[in-house]
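*Asks:* Sharing a model that was predicted from the sequence below.
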Amino acid sequence: MSTQEIYEHFTLPLLQWFHQYGRKDLPWQIPGNAYAVWISEIMLQQTQVRTVIPYFLRFMNTFPTLRTLACASEDQVLAQWSGLGYYSRARNLHKTAKIICNDFHDYFPDDIETLMKLPGIGPSTAAAIASLAFNKPTAILDGNVKRVLCRYFLIAGSMEQTSVTRQLWQLAKQCMPLHDCAAYTQAIMDLGATCCTIKSPNCSNCPLHTTCLAYQTNEVAHYPHKKLKK
DNA sequence: ATCCCGTGTA
DNA sequence: TACACGGGAT
C-alpha cells in the first residue's frame, strides 16, 4: 500500500472520525501545554483515563507549572502521587522537572532525542509529547496503536518478534500525517481504546472497516497474534 | 537486543 | 505464585 493510499484510506478517515466523535475535552488536552501532556502521559502509562483524571487534576492544582514542581520537595511530590503506585516514576518526574528548569531555562524540549535523555522518558513518551504537545509528526506505538495496525494491515506473527515490531514502527510512521499530528495521535489512541478493542471490537462503527484487512477477511478476533508460550 | 521494574491477575 | 503487561534503561 502506497503512502498516498494509506493517507486516503486510513489516516484521513481516522482524522475525520476523530473530529466528529473523539475526546477533545480531557483535562490535559490544553493546546501547547507540554507540561500537562507530560504529567498525563506518565500517569497514563500505568492507569486508565477514568482513574487518572482526578489524580491529574489534584496534581496540577498543587503543581500548576513546571517550576512549582521543580521547587517542591520530593516528599511533596510523592504525597500527590500517593495512590497511583510506581513511585519511581514520581521521583523521575521530579528529577526531570528540575533538569528542565535548570538546564533548559523552563522551556520544555520539543525533539525526541532531547526528550529521551530525561529520566523516565523513553521512546514512547518522547514521541507522544512531541506529537501531542508540539504537533510534530513523530509516530507512537503503544498497545492500542499496535492492535489497530496489526488488524488493519493484517500483520501476522507474535508481538515480541523484533521483525513484527519493526514492521509496525514503519507502518506507524507511514500513517502519521504531516499536518494535524496531535489530532492524529489522539485519534489512533482513541480508536484503539473505544472501537478497536481487544475483546468484542466494535467494527460496525469503525471508520476504517471498509478497508481493514482483518475485517475484510473475518480475522479480527485472531489479530494481533498471541504471544507464544515459553 | 536484552534486561529490569511494579503491579494486577489467573 | 507465575506470568502478562507496558513501559524504561543499558
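*Replies:* Now that the structure is in, tell me what you want to look at. Quantities reported herein were computed from a predicted structural model and do not represent experimental measurements.

*Asks:* Could you look up the next helix or strand downstream of the top helix by length along chain A?
*Replies:* In chain A, with assignment by DSSP state H, the single longest helix is helix A:87-103. Proceeding N to C from helix A:87-103, the next assigned helix or strand is helix A:112-116, under DSSP states H and E.

*Asks:* what is the rounded mean pLDDT of that next one?
*Replies:* The average of the pLDDT scores along helix A:112-116 is 94.

*Asks:* Give me the helices and strands touching that helix, please.
*Replies:* helix A:123-134 (3 or more C-beta pairs under 8 Å, 6 or more residues apart in numbering; DSSP states H and E). In short, each C-beta sits where N, CA and C put it, glycine included.

*Asks:* ok, and for the helix it packs on, which residues are buried?
*Replies:* Applying a neighbour-count criterion of 16 or more other C-beta atoms under 10 Å, the buried positions in helix A:123-134 are A:124-134.

*Asks:* next one: stretch A:102-117
*Replies:* For stretch A:102-117, by 16+ other C-beta under 10 Å, it's A:108-109, A:112, A:114-115.

*Asks:* which one among the residues you listed gets closest to DNA strand C?
*Replies:* The nearest member of the buried residues of stretch A:102-117 to DNA strand C, counting by C-beta to the nearest atom of the strand, is residue A:115 at 9.2 Å.

*Asks:* Relative to residue A:109, how far out is that closest one?
*Replies:* 5 Å (C-beta to C-beta, to the nearest Å).

*Asks:* between the two, what contacts are shared?
*Replies:* Shared contacts of residue A:115 and residue A:109 (C-beta atoms under 8 Å, 6 or more residues apart in numbering): none.

*Asks:* on that earlier part again, run the chain-centre distance for the longest helix of chain A.
*Replies:* The chain centroid and the centroid of helix A:87-103 are separated by 20 Å, computed with C-alpha atoms, centre = their mean, to the nearest Å.

*Asks:* so, in contact with DNA strand C or not, that helix?
*Replies:* Yes. Using C-beta under 7 Å from any atom of the strand, a contact is recorded between helix A:87-103 and DNA strand C, made by residue A:92.

*Asks:* can you check stretch A:37-53 too?
*Replies:* Yes. Stretch A:37-53 is in contact with DNA strand C by C-beta under 7 Å from any atom of the strand, via A:44-45.

*Asks:* Give the buried residues for that stretch.
*Replies:* A:37-45, A:47, A:49, A:52-53.

*Asks:* ok, so of those, who is nearest DNA strand B?
*Replies:* residue A:47 (8.4 Å).

*Asks:* Quick check: residue A:169 touching residue A:142?
*Replies:* No. Shown here, residue A:169 and residue A:142 do not form a contact pair, counting by C-beta atoms under 8 Å, at 11.9 Å.

*Asks:* Neighbour count: these two, which is higher?
*Replies:* residue A:142 (19 against 16; other C-beta atoms under 10 Å).

*Asks:* Quick check: the closest residue to that one other than its chain neighbours vs DNA strand B, distance?
*Replies:* Spatial nearest neighbour of residue A:142, chain neighbours left out: residue A:124 (5.9 Å); criterion: C-beta to C-beta, 6 or more residues apart in numbering. According to C-beta to the nearest atom of the strand, to the nearest Å, residue A:124 and DNA strand B sit 12 Å apart.

*Asks:* who touches residue A:124 in this structure?
*Replies:* By C-beta under 8 Å, 6+ apart, the contact list for residue A:124 reads A:45, A:140-142.

*Asks:* got the residues of chain A near DNA strand B?
*Replies:* So far as C-beta under 7 Å from any atom of the strand goes, chain A lies against DNA strand B at A:46, A:85-88, A:162.
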